[in-house]
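Chemist: coords please:
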Amino acid sequence: MKLGIIRCMQTEDYCPGTGDFRAVSERRGAFASVNPEEEIEIIGFINCGGCPGKKAVLRARELKKRGADTIAFASCIQKGTPIGYACPFARKMKEIVQIEVGDSIRILDYTHD
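Modeler: Got it, this is the predicted structure:
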């Protein structure tokens, strides 16, 4: 798996992404069902560009261009982790990213619990 992660710009000041990286390396959360024989290579970790998330499309395009076959929205977007406030634009952001990258790119709704 060649993984690109899109995170919330609002949380990057206090969250270094440790939970995201740990979930990947320990095969937890959204990565629990990944075949243990399959390598997961993180090819990018980038923010959404800020509210309302329109720049996520450009960032997803760039992740795909750099080889991503999977794009995960970090838990800070979809679940509101760690502050308990999910992105109000998450659903629409996911829709427009999926349209941009096409069905050949797998989209994950979150990274960790």
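
Chemist: who are the packing partners of the least confident helix or strand in the chain by mean pLDDT?
Modeler: Between all helices and strands in the chain, the lowest mean by mean pLDDT, DSSP states H and E belongs to helix 75-78, at a mean of 92. Where contact means 3 or more Cβ pairs under 8 Å, 6 or more residues apart in numbering; DSSP states H and E, helix 75-78 is packed against strand 2-7, helix 90-101. C-beta coordinates here come from the backbone N, C-alpha and C atoms, glycine included.

Chemist: the inter-axis angle of whichever helix or strand comes after the first one versus strand 2-7?
Modeler: From strand 2-7 onward toward the C-terminus, using DSSP states H and E, the following helix or strand is helix 18-26. For helix 18-26 against strand 2-7, the angle between stretch directions is 160 degrees (axes from the mean of the first three to the mean of the last three Cα atoms, to 10 degrees).

Chemist: got the buried residues for helix 18-26?
Modeler: 19-20, 23-24 (16 or more other Cβ atoms under 10 Å).

Chemist: may I see these arranged in CSV, with pLDDT as well?
Modeler: Output for those, formatted as CSV (pLDDT from 0 to 100):
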residue, pLDDT
Gly19, 95
Asp20, 96
Ala23, 97
Val24, 97
